[in-house]
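Novice: Predicted model follows, preceded by the sequence.
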Amino acid sequence: MSGDVDQHKTSLTSRVFGSHTITLGAVVQSSERICVPRSRDIKIWSTTETEDTTFPTPHRSIITYICQSPPDKQGTVLCASCDWNGLVVVYDSRWNPKYSFPTPNPPAAGLKFLTSDRLVVLSRGRENFNPGCVVVYQIGEEGVVGQSRELYDKVWQIECFQGEVYVWKWVEPVFTLTKYNEKLEVVKEFELMVEKSATIGHAVSDRHIVLSFQSRDLVVLDSKTMVQRDSSKLRAVSKSPIWAVLFVSEDEVLLQASRENFIVVNLLTGNIVKSFQGPSSFVCFMEIADHSLWIGTVDGVFRVHFASDEIFQERPPTSERLELQTELTSFLFHEIACCGLCVDNNLVISGDLGGNVLIWDTCTSGDSPTFRTKIEDSVRCLHSVRRGDVVVVFIGTLSGCLLQWKLGSEPSVVTHKEDTISCIRTAGERLCFGLVTGHVEVFEMSSDDVNELTLTRLFSMKVHHPVESETDLRFGSLNIKAEVWSLEFSPCSNKIATCSEDQTVKITSLETQQTKSTFKDHTLAVTCLSWIISSGLSLLISCSDDNTVVIRETVTSVKLKTLPLPSEVIGFCTLTYLGVLTPNIVPSVPSSSEITEANVREIFEQCINKITVVCGSENGYLILRDMVSGSVLYNERVHQGSIEGLACQAGRVVTCSSDCCVQVHSIVEGM
């Protein structure tokens, strides 16, 4: 049992900071404006306007695709979006919702307009893209008045071009491309034996269909007959898998050849005829408007503006390659996956693997960072300390550097270790950080001047040790290292709890540097901890790669509760981060002498403090559960990447993710 779902589930409203990972959908309005999905809203970025525009939507889970119809006879266009739970929303041209409806077999994984009033939706199914489902919806003045459906096995992608639907299917090792008319009747079909997985990029024109594979090859078909053309000159045209292809003229396609290097290839000769510099991250989509190329990547949205229209002009394949002159504009805050998060009153502080540390003030209406800095390293963890009005942010890095950043100045190095700093915590005048070697370093903080903090190293201790065991290739380095993934001070600050890749949670005395307790409640790496006092109980809460949350009382060492992953979570995942929401008013509690092994369970079950355990997952789910009953209060996919940081504070939950987003979720009911 995963716990009964509470009939009064918690409702969250979210505010998103940072850029959103782009999948395959965006609406380009002009060379200066683009609409992109950002969590559950639609964001419009413009190169000419100082303020961005955000449109709320009816979606309750993250939007996966958006698209725009071709204009009808009156020049009117429609827009549409779909989300992870299969909800489809149709809008007018100003993103005002008109209709919404569920589509079968969520999640919705593709969305294209076939005509000005026909919308095609791809649903891949929950289990390994099975069953796939393609639905054509007829949109009229009264709403969605009709639909036709066809089921397939392992549908991969869809495309619409000139009133026809192209469906990609891959059942290893056979790749199949089928062309359908608007009634989903088969027109043509093409099959190809492939050594690696299905196509990851495609483009359709009047003359050609271009497919790209992970092998870095291009395959070209005649768009009318679906017969393969000679593609022998188009093998290994790129140095990396080709994620997106775009026609720029009749026989020329644009693709990303390597990091920052974009090329135009002639499909008939295989020659590279043009090239230019662009964004360095993997491309998800490209679209041209006038002299501008919009590029959606896993790190944000970029606009490449060309000095001339030479990219659109056919060029003799034998001529010298033309290097195009461009200007690059980016729309992003975090450049790469977020890693590291903390909150300080109204400040939300997040880092990323590109070395950026950004601070947002949630009391302001804008979503641009209030403070920002960049270090020459990858951020792994963050922690903040406030001294009066002065905020100091401690930064732990992948290379083992600990820095302190006083807002308004530049970060300075405190110490440097040889291995990654994985977590940082403070209590009173002490600072501790964990290392991937299983060590914990302890420092004393002093501040003669409130504007400056001085750290003095007290000692280092080896808390976790490698385990002699076969390495589980799905997770970590059990028999190589015993990484300290999380640490927490005890409520009285004289002990710390640590959790590790060695699958244990340990409590260690800071006075004697000796291990006081070792808990082996998990079967895989323990990823995060929280330590609280509730109803006189000292509760240590842990989550793990084994997808369980365990609650222990530390004085009696009694395990009180094990919460498994809710069955509603779709797909493979692990629990990455954990936090606890506690009520503002703490009632009177019994003295610790009244708590024994005999009565600790009864005290826990009768706990009148409403405690909510909050977990984030590797596949972007945010899960809230009542600590005592185990009831699921909230369970939605809020990020398109792994949740890489989570903080709880006064009725809100803050998360950051590998999708480059930071979200502030406010709890508006049910708590």
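Specialist: On my side now, so go ahead.

Novice: Pull out the CA atoms of stretch 310-329 and give them to me as CSV.
Specialist: What follows is stretch 310-329, C-alpha atoms only, in CSV (Å, rounded to 0.1, in the frame of the first residue of the first chain):
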residue,chain,number,x,y,z
GLU,A,310,22.4,34.2,-47.1
ILE,A,311,21.3,31.2,-44.9
PHE,A,312,18.1,30.9,-47.0
GLN,A,313,19.9,31.1,-50.4
GLU,A,314,20.9,27.9,-52.2
ARG,A,315,24.7,27.8,-52.5
PRO,A,316,26.7,25.8,-55.1
PRO,A,317,27.8,22.7,-53.2
THR,A,318,31.4,22.9,-54.6
SER,A,319,32.0,26.4,-53.4
GLU,A,320,33.9,27.3,-50.3
ARG,A,321,32.0,27.1,-47.1
LEU,A,322,30.3,30.4,-46.1
GLU,A,323,30.8,31.5,-42.5
LEU,A,324,27.6,33.4,-41.6
GLN,A,325,27.7,36.5,-39.4
THR,A,326,25.4,36.3,-36.5
GLU,A,327,24.3,37.9,-33.2
LEU,A,328,23.3,35.7,-30.3
THR,A,329,20.6,36.6,-27.8
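
Novice: What lies in contact with it?
Specialist: 47, 248-252, 254, 264, 266, 268-269, 271-279, 288, 293, 302-308 (Cβ atoms under 8 Å, 6 or more residues apart in numbering). (Each C-beta comes from the backbone N, C-alpha and C, glycine too.)

Novice: so of these, which ones are in strands?
Specialist: 248-249, 252, 254, 264, 266, 272-277, 288, 293, 302-306 (DSSP state E).

Novice: Can you tell me which of the residues you listed are buried?
Specialist: 248-249, 252, 254, 264, 266, 273-276, 288, 293, 302-306 (16 or more other Cβ atoms under 10 Å).

Novice: Can you tell me the closest non-neighbouring residue to residue 524?
Specialist: Nearest residue to residue 524, sequence neighbours excluded (Cβ to Cβ, 6 or more residues apart in numbering): residue 545, at 3.8 Å.

Novice: any idea how far that neighbour lies from residue 389?
Specialist: Separation of residue 545 from residue 389 (Cβ to Cβ, to the nearest Å): 41 Å.

Novice: Looking at the two, which is more packed in?
Specialist: The neighbour comparison of residue 545 against residue 389 (other Cβ atoms under 10 Å) goes to residue 545, with 23 against 8.

Novice: can you give me phi and psi for the residue nearest to residue 524?
Specialist: Reported as degrees, to the nearest 10, the phi and psi values for residue 545 are phi -60, psi -20.

Novice: Pretty sure it sits against residue 501.
Specialist: No. Counting by Cβ atoms under 8 Å, residue 545 stays clear of residue 501, with 9.0 Å between them.

Novice: got the residue ranges for the helices in the stretch 301-450 of the chain?
Specialist: Ranges of helices in the stretch 301-450 of the chain, per DSSP state H, counting those that start in this stretch: none exist.

Novice: Leaving out chain neighbours, which residue sits closest to residue 176?
Specialist: Nearest non-adjacent residue to residue 176, counting by Cβ to Cβ, 6+ apart: residue 169, 4.5 Å away.

Novice: in its sheet, what does the helix or strand harbouring that neighbour sit against?
Specialist: Using DSSP states H and E, residue 169 sits within strand 164-171. When pairs are called by DSSP bridges, strand 164-171 turns out to pair with strand 155-161 (antiparallel), strand 174-180 (antiparallel).

Novice: okay, these in JSON lines with mean neighbour count, mean pLDDT and distance to residue 236 next?
Specialist: Shown next, in JSON lines, are the strands paired with strand 164-171 (neighbours: other Cβ atoms under 10 Å; pLDDT from 0 to 100; distance: least, Cβ to Cβ, whole Å):
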{"stretch": "strand 155-161", "mean neighbour count": "22", "mean pLDDT": "85", "distance to residue 236": "22"}
{"stretch": "strand 174-180", "mean neighbour count": "20", "mean pLDDT": "88", "distance to residue 236": "18"}
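
Novice: First residue to last residue on stretch 217-225, what's the distance there?
Specialist: End-to-end distance for stretch 217-225, by Cα to Cα, to the nearest Å: 21 Å.

Novice: Report the beta-bridge partners for residue 612.
Specialist: Here residue 612 sits in beta bridges with residue 581, residue 626, going by DSSP bridges.

Novice: Against residue 665, how distant is it?
Specialist: Separation of residue 612 from residue 665 (Cβ to Cβ): 12 Å.

Novice: residues in contact with residue 433?
Specialist: Contacts here follow Cβ under 8 Å, 6+ apart; on that basis residue 433 touches 381, 394, 396, 402, 421-425, 440-441, 487.

Novice: Tell me, how many residues neighbour residue 250?
Specialist: For residue 250, the neighbour count with other Cβ under 10 Å is 12.

Novice: and what of residue 457?
Specialist: 12.

Novice: Surely residue 347 and residue 358 touch.
Specialist: No. Counting by Cβ under 8 Å, residue 358 is not a contact partner of residue 347; they are 10.5 Å apart.

Novice: My read is that residue 28 contacts residue 286, right?
Specialist: No. Using Cβ under 8 Å, residue 28 is not in contact with residue 286, being 9.9 Å away.

Novice: Between those two, which contacts overlap?
Specialist: Joint contacts of residue 28 and residue 286 (Cβ under 8 Å, 6+ apart) are residue 294.

Novice: The spatially closest residue to residue 372 that is not a sequence neighbour pairs with what?
Specialist: Closest residue to residue 372 apart from its sequence neighbours, by Cβ to Cβ, 6+ apart: residue 358 at 4.9 Å. For residue 358, the beta-bridge partners under DSSP bridges are residue 350, residue 372.

Novice: Give me the buried positions along stretch 610-626.
Specialist: Quick answer for stretch 610-626 (16+ other Cβ under 10 Å): 611-626.

Novice: ok, so of those, who is nearest residue 124?
Specialist: Closest approach to residue 124 among the buried residues of stretch 610-626 (Cβ to Cβ): residue 619, at 14.2 Å.

Novice: hang on, isn't the closest one packed against residue 573?
Specialist: Yes. Using Cβ under 8 Å, residue 619 is in contact with residue 573, at 4.1 Å.

Novice: which secondary element of this structure has the worst mean pLDDT?
Specialist: Scoring the helices and strands of the chain by mean pLDDT, DSSP states H and E places strand 11-17 at the bottom, with a mean of 62.

Novice: quick one on the thing from earlier: between residue 28 and residue 286, which has more neighbouring residues?
Specialist: residue 286 (26 against 21).

Novice: mind checking pLDDT for the more buried one?
Specialist: At residue 286, the model reports a pLDDT of 90.

Novice: Repeat that for residue 116.
Specialist: Residue 116 is assigned 94 on the pLDDT scale.

Novice: now the one 3 residues further on
Specialist: Confidence at residue 119, expressed as pLDDT, is 94.

Novice: roughly how far apart are the nearest residue to it once chain neighbours are set aside and residue 87?
Specialist: Counting by Cβ to Cβ, 6+ apart, residue 119 lies nearest to residue 137, which is 4.6 Å off, once chain neighbours are set aside. Note on residue 137: its distance to residue 87, by Cβ to Cβ, is 13 Å.

Novice: Now do residue 208: how many residues are near it, please.
Specialist: Neighbour count of residue 208, defined by other Cβ under 10 Å: 18.

Novice: mind listing what it touches?
Specialist: Applying Cβ under 8 Å, 6+ apart, the residues contacting residue 208 are 220-223, 229, 247, 251, 267.
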